[in-house]
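Novice: the sequence isn't on hand, but the structure is:
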Ligand SMILES: O=P(O)(O)OC[C@H]1O[C@H](OP(=O)(O)OP(=O)(O)O)[C@H](O)[C@@H]1O
Ligand SMILES: O=c1cc[nH]c(=O)[nH]1
Ligand SMILES: [Mg+2]
């Protein structure tokens, strides 16, 4: 299964609070981060572990640790930054790879403006974070960028996704796993997700 709609009660409750008209910037930020944490928990359930012997309080003990190079979190500017702290709560030593893209509001096409990726992308799992997956153009461009850098293990965390965008991303990249708090009804004529959250970037940055 490539698209996971997380039905956990805490996720659904918090997402419901985010949809309330007139929510404060602080309230929206806090909830975006908290849902980011919960989606991270779900998206990392099957990470590979390896045995590792440490010097414990009563002598040697074999424990487990995450296998492989450190995960890289990939926030898509700007709005992805609103989930970053929440993801880092659970993966505090992750490397951060920043991708800057905005969606041209006339054409709805993604316009790239920044890219600074971690080293050794071919050896890392990437966790891409953005609150909104609408037409899917921004996510598609980001995944293309990560794959061009050699990344082969990509998971996506979004608060809300539109079916149209999910289809576009999964058709182009069937290997990518997507975790979302909600698959909403669809896009309106301006490319906004309905019922959605409105403009997530503006709500996180207080720029309405
Ligand atoms: O699926 P798409 O149709 O590409 O739309 C989704 C993108 O739009 C929003 O960003 P926006 O372009 O508003 O930039 P911002 O985060 O700087 O506000 C959102 O955070 C996604 O990145
Ligand atoms: O509904 C949408 C679509 C794109 N970007 C947003 O912030 N919200
Ligand atoms: Mg925006």
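Specialist: Perfect, thanks for sending it. In this text, all values refer to a predicted model and were calculated from it rather than measured experimentally. Numbers count the residues shown, from 1 in each chain. Ligands and ions are numbered 1, 2, ... in the order given.
Novice: contacts only, for the closest residue to residue 125 other than its chain neighbours.
Specialist: The shortest distance from residue 125 to any non-neighbouring residue, by Cβ to Cβ, 6 or more residues apart in numbering, is to residue 153 (4.3 Å). Placement of C-beta: from N, CA and C, glycine included. By Cβ atoms under 8 Å, 6 or more residues apart in numbering, the residues touching residue 153 are 124-126.
Novice: can you get me a residue count around residue 55?
Specialist: 8 (other Cβ atoms under 10 Å).
Novice: can you give me the distance of the residue nearest to residue 125 to ligand 3?
Specialist: 28 Å (Cβ to the ion, to the nearest Å).
Novice: surely residue 83 forms part of a strand?
Specialist: No: using DSSP: H, G, I helix; E, B strand; the rest coil, the assignment for residue 83 is helix, not a strand.
Novice: hmm, it is touching residue 159, no?
Specialist: Yes: the pair residue 83 / residue 159 is scored as a contact, 7.4 Å apart, by Cβ atoms under 8 Å.
Novice: so what sits against both of these two?
Specialist: Residues touching both residue 83 and residue 159 by Cβ under 8 Å, 6+ apart: 32, 35-36, 39, 131.
Novice: now, which of these sits nearest residue 6?
Specialist: Nearest to residue 6 among the shared contacts of residue 83 and residue 159 is residue 39, at 6.2 Å by Cβ to Cβ.
Novice: low-confidence stretches in this protein?
Specialist: Counting by pLDDT under 70, the chain shows low-confidence ranges at 1.
Novice: swap the cut-off to 90 and go again
Specialist: Within the chain, the segments meeting pLDDT under 90 span 1, 68-70, 208.
Novice: taking it, what residue is nearest to ligand 1?
Specialist: residue 201 (2.2 Å; Cβ to the nearest ligand atom).
Novice: for the longest helix seen in the chain, buried residues please.
Specialist: Using DSSP state H, we find that the single longest helix of the chain is helix 25-43. Residues 28-41, 43 are the ones in helix 25-43 that count as buried (16 or more other Cβ atoms under 10 Å).
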